[in-house]
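*Asks:* sequence and computational prediction follow.
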Amino acid sequence: MSESLDQLPGGPEPVPAAPPAKHGWLNFAIDFGPLLVFFLTYKFTAGGQGAFAATAGAIKGTIAFMIAILVAMGISKWKLGRISPMLWMSGILVIGFGALTVYLHDPKFIVMKPTIIYAVFALMLLGGWWFKKPMLKYLLQSALDGMTERGWLLLSRNWGLFFAALGIANHVMYVLIEAGRMSFDTWLTIKVWGVTALSFLFTLTQVPVMLKNGLAVPDGEAK
């Protein structure tokens, strides 16, 4: 499943990582290749000083990210024979919000956009949990073999709360940037790499939940 949900100004947000299947190296490249393309483009094109002076670099990085996610989707279809629902959602969000980012060219929108996306994911997952509809199950499909309905509901709730916390944290950083107490570069580094690390750590905390609720473990890993 794609980690390229909004890790950056032009795309959507981090999502739980499924246990690696065959072609694991290719899945990793599809997930993180576009993110690396964005960050390198930004670093080599951004310039200037001040809270929002790096907007131009972020815009160029966003354009590169939009192209990279399309390439990743094409490679997934070619090599793996399918495009996962999560990668489809990533692509739609990256292209949609990326186009808005380029069109508006507004640094405030660049920083606030992740809060909007986090809120959408939180509402979707928590709303599904409230109505006993595990939305995460529909996005990940067979990525977590053997998971019970209760397990999917617990994961949807937990990830919904995680996204809500990320949304609050991003809004706090927006306020700090507006007040001149945080730089755009600092925010971007936290947004791209800090959130990625946090999502992996949070995924690890969910392993016991998955194991207690039917996650199928290959024989080689169970020993």
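*Replies:* Nice, I can see it. None of the values given here were measured: they were computed from a predicted structure.
*Asks:* can you mark which positions in whatever helix or strand A58 lives in are buried?
*Replies:* Counting by DSSP states H and E, the element that carries A58 is helix 55-75. Judged by neighbour count using 16 or more other Cβ atoms under 10 Å, the buried positions of helix 55-75 are 55, 57-66, 68-69, 72-73. All C-beta spots, glycine's among them, are computed from the backbone N, C-alpha and C.
*Asks:* apart from its chain neighbours, what residue comes closest to I30?
*Replies:* Of all residues not flanking I30 in the chain, A72 sits nearest, at 4.6 Å (Cβ to Cβ, 6 or more residues apart in numbering).
*Asks:* quick one on the thing from earlier: if you count contacts, what does the helix holding A58 end up packed against?
*Replies:* helix 24-45, helix 85-104, helix 107-130, helix 184-189 (3 or more Cβ pairs under 8 Å, 6 or more residues apart in numbering; DSSP states H and E).
*Asks:* report the distance from it to the chain centre.
*Replies:* Its chain's average C-alpha position is 14 Å from that of helix 55-75, according to Cα atoms, centre = their mean, to the nearest Å.
*Asks:* from the buried residues of helix 55-75, which has minimum pLDDT?
*Replies:* pLDDT across these is lowest for T55, at 75.
*Asks:* for it, which non-adjacent residue is closest in space?
*Replies:* P107 (4.5 Å).
*Asks:* check what pLDDT R181 gets.
*Replies:* 93.
*Asks:* and it, how many neighbours?
*Replies:* Applying other Cβ atoms under 10 Å, we find 11 residues neighbouring R181.
*Asks:* quick check: closest non-adjacent residue to F97.
*Replies:* K113 (5.8 Å).
*Asks:* need the longest helix for this protein.
*Replies:* helix 149-178 (DSSP state H).
*Asks:* mind giving me the packing neighbours of that one?
*Replies:* helix 107-130, helix 135-140, helix 184-189, helix 195-212.
*Asks:* out of those helices, nearest to M147?
*Replies:* Within the helices and strands packed on helix 149-178, the stretch nearest M147 is helix 195-212; the backing value is 6.5 Å (Cβ to Cβ).
*Asks:* buried set for that closest one?
*Replies:* So helix 195-212, judged by 16+ other Cβ under 10 Å, has buried residues 195-196, 198-199, 202-203, 206, 209-210.
*Asks:* other SSEs contacting it?
*Replies:* helix 149-178.
*Asks:* so for the helix it packs on, mean pLDDT?
*Replies:* Per-residue scores along helix 149-178 average to 95.
*Asks:* tell me which residues of that helix come out buried.
*Replies:* Here helix 149-178 shows 151-160, 162-164, 166-167, 169-171, 173-174, 177 as buried, counting by 16+ other Cβ under 10 Å.
*Asks:* could you list the low-pLDDT ranges of this protein?
*Replies:* 1-24, 46-54, 141-143, 216-223 (pLDDT under 70).
*Asks:* mind running it again at 50?
*Replies:* 1-8, 10-22, 50-52, 221-223 (pLDDT under 50).
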